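Asker: Pasting a predicted model and its sequence here:
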Amino acid sequence: RGDKVKNKQYQTAGVDYFERAMEYIRAKYNDPGRQVHFLVTSDSMPWVQKRRHVFGAGDVSLVEHSFDPADPYDAFDSSTTDLAVLMQCDHIILSGGGFGFWGAFLGAHRRGGEIIVGESQEKTMNSMETWTNIDDSTTKRDDAAPSDDTGFAAVVDL
């Protein structure tokens, strides 16, 4: 999980990227009869919670889990739940990690949904031609998501 954050060769998505991507999704898909709702999955929820100015909006829900480090199956159950949530969403905002990629590929991509990926992540993600690139060049290293498994999903028509 931390390999991309610790390795300066990779750029991980920062809060500004997620904010721009969420605004893009809202502008494109919100209308009087249909409202977008974002579900946030992450293996680093404290990073997400500290950025409530973006992730605390009324149309955002955090997919949180109780975690028992003594239970060897607990982490697996959380990951399985997160992947299942991502696969059910209409659109996905990727953070650059492989976990989110598979959630997007097995879910929204297969159903014709929109996948948002940062321009700097495009080469490392091997994204599909139909995926939408959002500028993530202003990400500061210290504000980058500490995990490559932070996934943001937009659900339409709740």
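Answerer: Thanks, I have the structure now. Residues are numbered from 1 along each chain as shown.
Asker: what about residue 102, neighbour count?
Answerer: 14 (other Cβ atoms under 10 Å). No exception for glycine: its C-beta is placed from N, CA and C like everyone else's.
Asker: Can you point out the helix or strand that includes it?
Answerer: helix 98-106 (DSSP states H and E).
Asker: what are the ranges of the helices in this structure?
Answerer: 3-6, 15-29, 45-49, 52-55, 74-88, 98-106, 122-125 (DSSP state H).
Asker: thinking again about what came up before, okay, angle between the helix holding residue 102 and helix 74-88 too, please.
Answerer: In terms of direction (axes from the mean of the first three to the mean of the last three Cα atoms, to 10 degrees), helix 98-106 departs from helix 74-88 by 40 degrees.
Asker: mean confidence for helix 98-106?
Answerer: The pLDDT scores in helix 98-106 average 82.
Asker: Let's see it as PDB, backbone CA atoms only.
Answerer: Extracted C-alpha coordinates of helix 98-106, given in PDB (Å, rounded to 0.1, in the frame of the first residue of the first chain):
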ATOM      1  CA  GLY A  98      -4.300  -1.300  -8.300                       C
ATOM      2  CA  PHE A  99      -7.200  -2.000  -6.000                       C
ATOM      3  CA  GLY A 100      -9.300   0.800  -7.300                       C
ATOM      4  CA  PHE A 101      -8.300  -0.100 -10.800                       C
ATOM      5  CA  TRP A 102      -9.900  -3.600 -10.400                       C
ATOM      6  CA  GLY A 103     -13.000  -2.100  -8.800                       C
ATOM      7  CA  ALA A 104     -13.400   0.200 -11.700                       C
ATOM      8  CA  PHE A 105     -12.600  -2.300 -14.400                       C
ATOM      9  CA  LEU A 106     -14.900  -5.000 -13.000                       C
END
